[in-house]
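Engineer: fold the following.
(one chain, ligands or ions: 1)
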Amino acid sequence: MGLLDRAGARLTSHPEEAEILVVNTCSFIDTAKQESVDTILEMACHKTEGRARKLIVAGCLVERYRDEIRKNIPEVDAVVGTGELEAILDAAGIAPATTSPPSPFNIITAVHADTRSGKESLAGTHKSAEPTVTSRSEGDHRERAGRFRRDDWAGASHLLPTYLYDETTPRLLSTPRASAYIKIAEGCDHPCSFCVIPNLRGKFRSRRFESVVAEAQQLVARGVQEITLIGQDTTCYGEDLGLRDGLATLLDAIAQIDGLRWLRFLYAYPNRITGRLLETIARHDNICKYLDLPLQHASPAVLKRMKRGAGADIFLKTLEKVRAAVPGIALRTSFIVGFPGESSSDFQVLEEFITEARFDWLGVFNYSDEEGSGAFSLDAKVPKRTIESRRKRLMRLQQSISRRAKKNWVGRELAVLAEGESAETPLLWEGRTEFHAPEIDGKVYINDFGSLENLEAGQFYRAQITEAHDYDLVARIVSSKL
Ligand code: SF4
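Structural biologist: Numbers count the residues shown, from 1 in each chain. Purely as a prediction, here's the structure:
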């Protein structure tokens, strides 16, 4: 969006108004692929019956089904994979901007200019912003062992994406003004046998430390107060750059930016939660006491077949260590049910673990059998009906755990970020505490503004929790903007 905006395109979120339609897609599990295809077909109608002239498909679906998309959906004019972001201008038929607006970080930009690869982008019309690509010996080893192969995907390009954006890449925020995501690394070297994300996204590679910090500074200068760091595995950050405890060092640097109220990271890998990382979270007031730790399962037998290792006992020790180092921390995790060979006793281990672990937030995914993944060739596939009933059972279990835990929130006074009127009713506002990550966790509904006439979206207020539901909370404002 930033590249298009800089080149002079006017962006709209109403497809009926657009001349050029861009569908950004996902393809890591069946439901994501279906949603992507449905959206492409919906947008194609605007081309055949409306004013749109061009339809561009971007993102992960392109990495997987590049030729198939064009063959099966003739309305599609161009495809842009995740490794060729800058080709979006060529695809849209828009000339790139010839001059860039001056960066407020001239020194860092200058340093970066020296290290740029300078290689031509796929569009062939302008310089790529891609820095020198790094990799880890773990990734190189896995590449030799075939981890990233796309042979099973007819029509997919064999070239893995190597693209990384940087702080000079133009960017438009699609999130509310107070919050922004920063992607600190791309790709993944882990061998998880259910997952095709490494095949889609390529080998793990970190953005330069200075580039991430510069982007965080720029965002805060633009009014952003909450930054969420993301990557397929944020806890590996910096390993390819030779940094030890790279994520902790990065958090430490970003937390010192004046004006940043909340900083968090998502998608931690369980065996990479170091003492230094926990100590960093505990030390900074503006690092949210929040940890997202996707565990995928708790039965050692299933985790072994998933090529992740560990099990309930080890995970419980990790959680104990986390809670001792950062008292009051909110924990989020996600699990996959119905992995090939998951027996009823494996599932029971998972249920008992969830009961004991008491997560604040929990997501459950049904196993999706993906061509190109290691698990695709495994026997003992679990029937779809069993998978769905196990998912429902876990969600019911978590609902009762969450209901009990949320009761303890009543009476607490917390900083709440007001996000705007509730989508359900204008009588309520929605907000979040530091224990709620954007978009994925429950909500705080504000039904009493205290002495204030109105709230302002993107502002922080002190609020008291007055009611608790299964996942959501209700609060009243006790003091104006913090
Ligand atoms: S760590 Fe996450 S992205 Fe990487 S292979 Fe495992 S599940 Fe996939």
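
Engineer: what's the next secondary structure element after the helix or strand bottoming out on mean pLDDT in the chain?
Structural biologist: Within the chain, judged by mean pLDDT, DSSP states H and E, the helix or strand with the poorest mean is helix 106-115; its value is a mean of 26. Using DSSP states H and E, the helix or strand that directly follows helix 106-115 along the chain is helix 137-144.

Engineer: so for that next one, what gets flagged as buried?
Structural biologist: Residues of helix 137-144 classed as buried: 138-139, 142-143 (neighbour count, 16 or more other CB atoms under 10 Å). Quick note: C-beta positions are derived from backbone N, CA and C, even for glycine.

Engineer: ok, so of those residues, who is nearest the ligand?
Structural biologist: Arg142 (9.9 Å; CB to the nearest ligand atom).

Engineer: shouldn't Thr466 be within a strand?
Structural biologist: Yes: per DSSP: H, G, I helix; E, B strand; the rest coil, Thr466 lies within a strand segment.

Engineer: distance-wise, check it relative to Leu473.
Structural biologist: 8 Å (CB to CB, to the nearest Å).

Engineer: so between these two, which is more surrounded?
Structural biologist: The residue with more neighbours, out of Thr466 and Leu473, is Leu473; 26 against 16, by other CB atoms under 10 Å.

Engineer: doesn't Thr175 make contact with Met1?
Structural biologist: No: between Met1 and Thr175 there is no contact under CB atoms under 8 Å: 11.7 Å.

Engineer: now for the longest helix seen in the chain, which elements pack on it?
Structural biologist: Counting by DSSP state H, the longest helix found in the chain is helix 384-407. Here helix 384-407 touches strand 330-337, helix 344-357, strand 361-366, strand 460-468, going by 3 or more CB pairs under 8 Å, 6 or more residues apart in numbering; DSSP states H and E.

Engineer: how about the strands of the stretch 101-250 of the chain, start to end?
Structural biologist: 179-183, 185-186, 205-206, 226-230 (DSSP state E, counting those that start in this stretch).

Engineer: from the contact counts, what lies against the second one?
Structural biologist: By that I understand strand 185-186. Checking 3+ CB pairs under 8 Å, 6+ apart, strand 185-186 ends up next to strand 205-206.

Engineer: which residues are contacting the strand it packs on?
Structural biologist: The contact list for strand 205-206, computed with CB atoms under 8 Å, 6 or more residues apart in numbering, reads 133-135, 162, 164, 184-187, 236-241, 243, 246.

Engineer: any regions of the stretch 51-200 of the chain where pLDDT drops low?
Structural biologist: 98-133 (pLDDT under 70).

Engineer: residues in it within reach of the ligand, list them.
Structural biologist: Within the stretch 51-200 of the chain, the residues that sit near the ligand (CB under 6 Å from any ligand atom) are 188, 190, 192, 195, 197-198.

Engineer: and which of those residues is nearest to Val302?
Structural biologist: Of all those, the one with the least separation from Val302 (CB to CB) is Cys192, at 11.8 Å.

Engineer: residues near the closest one, how many?
Structural biologist: 20.

Engineer: which one is the residue of the stretch 1-150 of the chain found nearest the ligand nearest to, not counting chain neighbours?
Structural biologist: Of all residues in the stretch 1-150 of the chain, Phe28 sits closest to the ligand, at 8.0 Å by CB to the nearest ligand atom. Nearest non-adjacent residue to Phe28, counting by CB to CB, 6 or more residues apart in numbering: Ile197, 5.5 Å away.

Engineer: hmm, who's touching stretch 235-255?
Structural biologist: 134-136, 138-139, 184-185, 189, 204-206, 208-209, 212-213, 216, 227, 229, 231, 234, 260, 263, 265, 268-269, 272-274, 276-277, 279-281, 284, 286-287.

Engineer: beta partners for Tyr181?
Structural biologist: For Tyr181, the beta-bridge partners under DSSP bridges are Thr228.

Engineer: I figured it hits Thr234, correct?
Structural biologist: No: contact criterion CB under 8 Å: Tyr181 and Thr234 do not qualify, at 11.3 Å.

Engineer: what about those two, which has more around it?
Structural biologist: Thr234 (25 against 17).

Engineer: possible to save the strands of the stretch 101-250 of the chain as TSV with distance to Gly450?
Structural biologist: TSV is the format used below for these (distance: least, CB to CB, whole Å):
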stretch	distance to Gly450
strand 179-183	24
strand 185-186	42
strand 205-206	45
strand 226-230	23
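
Engineer: ok, and which of those strands has the densest surroundings?
Structural biologist: Of the strands of the stretch 101-250 of the chain, the one with the most neighbours on average (mean count of other CB atoms under 10 Å) is strand 205-206, at a mean of 26.

Engineer: who does it pair up with?
Structural biologist: For strand 205-206, pairing defined by DSSP bridges yields strand 185-186 (antiparallel).

Engineer: what lies in contact with the partner strand?
Structural biologist: 161, 163-164, 201-202, 204-207, 231-234, 236-237.

Engineer: contact partners for Leu173?
Structural biologist: Counted by CB under 8 Å, 6+ apart, Leu173 has contacts 180, 222, 224.

Engineer: ok, those residues vs Phe460, which is closest?
Structural biologist: After measuring these against Phe460 - CB to CB - the closest member comes out as Val224, at 12.9 Å.

Engineer: ok, that closest one - contacts?
Structural biologist: Applying CB under 8 Å, 6+ apart, the residues near Val224 are 173, 177-180, 260.

Engineer: now do Glu371
Structural biologist: Glu371 sits next to 152-153 when contact means CB under 8 Å, 6+ apart.

Engineer: pick out the residue of the stretch 351-482 of the chain closest to the ligand.
Structural biologist: The minimum distance from the stretch 351-482 of the chain to the ligand, using CB to the nearest ligand atom, falls at Ser373 (9.3 Å).

Engineer: count the residues that sit near that residue.
Structural biologist: 20.

Engineer: and Asp38, by the same measure?
Structural biologist: With other CB under 10 Å as criterion, Asp38 counts 10.

Engineer: kindly report the same for Ala405.
Structural biologist: 14.

Engineer: now swap in Arg136 and tell me
Structural biologist: 18.

Engineer: any idea how far Glu421 is from the residue nearest to Ile477 when sequence neighbours are not counted?
Structural biologist: Leaving out its chain neighbours, the residue that sits closest to Ile477 by CB to CB, 6+ apart is Gly450, at 4.1 Å. Applying CB to CB, the value for Gly450 to Glu421 is 17 Å.

Engineer: do Ile354 as well
Structural biologist: 34 Å.

Engineer: between these two, which is the more surrounded one?
Structural biologist: Ile354 (21 against 15).

Engineer: ok, for that one, nearest residue in space, not its chain neighbours?
Structural biologist: Leu397 (5.9 Å).

Engineer: so Ser36 belongs to a helix, correct?
Structural biologist: Yes: assessed by three-state DSSP, Ser36 belongs to a helix.

Engineer: state the pLDDT value of it.
Structural biologist: In this model, Ser36 is scored at 96, pLDDT.

Engineer: which non-adjacent residue is nearest it?
Structural biologist: Ser36 sits nearest to Thr25 (CB to CB, 6+ apart), 3.7 Å away.
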